[in-house]
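Novice: model the structure of this input:
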Amino acid sequence: MSAEDTIPEEFEGVVTTAPSFFRIFFAAITPGGALEYKEQTQENGGYAADFTQLTQTTFKPAPLNASSTQEGYVALLAADGTTGNLTYIRESRNEDAPERFAPPQDLGKPDGVPDFLDTVLINGVTGRQNVFVTSSAAGNAIWWKFQNVNTVKKETVTVVPPGTETPVEITVPVEVPPSQPWADWQQLPGGLCSITACQNADGRIILAGINADSVPYMNMQSSDRPLLPEGWLGWKDIAGGLSGFEQLVCGIDGNALVHVFARIGSKIYIMSQTEVGAYDFTGWALFASFDAPVQTMTVSVSSNDGLYLAAQVGSGADSPVYAKYQTGGADNNWSAPQIIAHVANDSALVLQPNADTTLSLFALETGTGDAAVLNQISLAHWSAAWTPLGGPLAAIALTQDVTPNPS
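Specialist: All right, here's what the predicted structure looks like:
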């Protein structure tokens, strides 16, 4: 189903569904292309024993992204296995809907894009979803698509003023869904192979990525025209004298300052906003150095409002996972690197907060496709054993699920 054919339920304004509760939602694509999910059976608890298949559509093994709508409902992004088009799937806001998830929306793909190298799904300055992709075609073009905002029209209504019995007609502004739920694909200047994103303190999106020459760049939406390609401040080379960039991740701490982390060989570097909302960042500082290459890293907000970074160091069976975190919450003091776990083998890692703000670390073994989760006990301590989540899986994505309490 195309985006334009759907009933614009999610454009009917912000709704309140109370009481509600918070669970971690675990989405996955199998090697055969099935989109499945499981989630915590209760806040801060364990997970359902079995996966539930979300739709009968077959998807490509990657990409897979998970996010939450502005009201806290689950949203997913995957690529159709037949057409290659991006598909957006979200929970239905209608509690009486026959299915938990609304019909998938076909977002298509930009002209001249045979496949995607990387994708991002993130809330933007309007609170609604934004999609960014990089093309596998020569030049690795960057494309952008977002949910349009509601429009306002004037409507004449009849009311009876308090203290009278005489109806009168008044003209009031009324919010209505946009005629086209999603904007057309728009190309941003430049080309990147990998991209990552986070929100600035005021909701504007910050994009960062690495091009085919392993050079990192950053871009940020302007405040005056955030929904136009020309409403971006422009790509900035952030190499800062370093070379060989392999991965970027970013996050915003409790002081509303964005931090960017870079992985290069056996070292991790950090740069931070000089002040809230600024496009100016510090130069790179050495964050951690190891005796083996860093395979992958992930970052999240921790229980003390600071950022928490975890990384697999070295390769092969029983490789250690190191962590480092802001010790005073949102300040510039960081703990020393410490080993918090060992992975069974090389793995993709994702950190995700629980309802009580403790973290869970998810690992997807790249060889076997087996997934597991490790739970944080306190800021510096983690459970001794991983809990298996199943497999084989080709890709995983995590988000929070805030839905009405079951009866």
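Novice: for Q40, give its distance to L54.
Specialist: 17 Å (C-beta to C-beta, to the nearest Å). Backbone N, C-alpha and C define where each C-beta goes, glycine included.
Novice: typo on my end, P392
Specialist: From P392 across to L54, the span is 18 Å (C-beta to C-beta).
Novice: where do the strands sit along the stretch 251-400 of the chain?
Specialist: 258-264, 267-272, 285-289, 294-301, 307-313, 319-325, 338-343, 347-353, 359-365, 371-378, 381-382, 387-390, 395-404 (DSSP state E, counting those that start in this stretch).
Novice: one more: the stretch 1-150 of the chain?
Specialist: Along the stretch 1-150 of the chain, counting by DSSP E, counting those that start in this stretch, strands occupy 20-29, 34-39, 52-68, 74-80, 86-90, 105-108, 116-123, 129-135, 141-146.
Novice: possible to save these as TSV with mean neighbour count, mean pLDDT and distance to A323?
Specialist: Listed next are the strands of the stretch 1-150 of the chain as TSV, based on neighbours: other C-beta atoms under 10 Å; pLDDT from 0 to 100; distance: least, C-beta to C-beta, whole Å:
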stretch	mean neighbour count	mean pLDDT	distance to A323
strand 20-29	21	89	19
strand 34-39	20	97	25
strand 52-68	18	96	22
strand 74-80	24	97	27
strand 86-90	23	97	32
strand 105-108	19	97	36
strand 116-123	20	97	24
strand 129-135	24	98	28
strand 141-146	22	98	32
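Novice: which one of those lies closest to K236?
Specialist: Closest to K236 of these, according to C-beta to C-beta: strand 141-146, at 14.3 Å.
Novice: returning to what we had before: any idea which of the strands of the stretch 251-400 of the chain scores lowest on pLDDT?
Specialist: Of all those, mean pLDDT reaches its minimum on strand 395-404 (a mean of 90).
Novice: returning to what we had before: in CSV, list the strands of the stretch 251-400 of the chain along with distance to E36.
Specialist: Formatted as CSV, the strands of the stretch 251-400 of the chain follow (distance: least, C-beta to C-beta, whole Å):
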stretch, distance to E36
strand 258-264, 29
strand 267-272, 32
strand 285-289, 35
strand 294-301, 21
strand 307-313, 25
strand 319-325, 25
strand 338-343, 22
strand 347-353, 16
strand 359-365, 13
strand 371-378, 11
strand 381-382, 26
strand 387-390, 9
strand 395-404, 10
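Novice: is the closest residue to G33 other than its chain neighbours bridged to anything, and to what?
Specialist: Nearest non-adjacent residue to G33, counting by C-beta to C-beta, 6 or more residues apart in numbering: T58, 3.8 Å away. Taking DSSP bridges as the rule, T58 bridges to A34.
Novice: quick check: T58 touching G84?
Specialist: No: counting by C-beta atoms under 8 Å, T58 does not reach G84; the two are 11.7 Å apart.
Novice: with only the CA atoms kept, save stretch 261-278 in CSV.
Specialist: The C-alpha coordinates for stretch 261-278 follow below in CSV (Å, rounded to 0.1, in the frame of the first residue of the first chain):
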residue,chain,number,x,y,z
PHE,A,261,32.3,9.1,18.6
ALA,A,262,34.6,7.8,15.9
ARG,A,263,36.1,4.4,15.5
ILE,A,264,39.5,4.1,13.8
GLY,A,265,41.5,0.9,14.2
SER,A,266,42.2,0.2,17.8
LYS,A,267,41.2,3.7,19.0
ILE,A,268,37.9,5.6,19.7
TYR,A,269,37.8,9.4,19.5
ILE,A,270,35.2,11.9,20.8
MET,A,271,34.1,15.4,19.8
SER,A,272,31.4,17.5,21.5
GLN,A,273,29.2,20.5,20.9
THR,A,274,30.8,23.7,22.3
GLU,A,275,27.4,24.9,23.5
VAL,A,276,23.8,23.7,23.3
GLY,A,277,22.4,23.8,19.8
ALA,A,278,25.7,25.0,18.2
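Novice: hmm, S272 is touching L257, no?
Specialist: Yes: between S272 and L257 a contact is recorded at 5.8 Å, counting by C-beta under 8 Å.
Novice: more neighbours, those two?
Specialist: L257 (22 against 18; other C-beta atoms under 10 Å).
Novice: find the nearest non-adjacent residue to that one, please.
Specialist: Leaving aside its sequence neighbours, L257 sits nearest to Q273 (C-beta to C-beta, 6+ apart; 4.6 Å).
Novice: burial measure for that neighbour, as a count.
Specialist: By other C-beta under 10 Å, 22 other residues sit near Q273.
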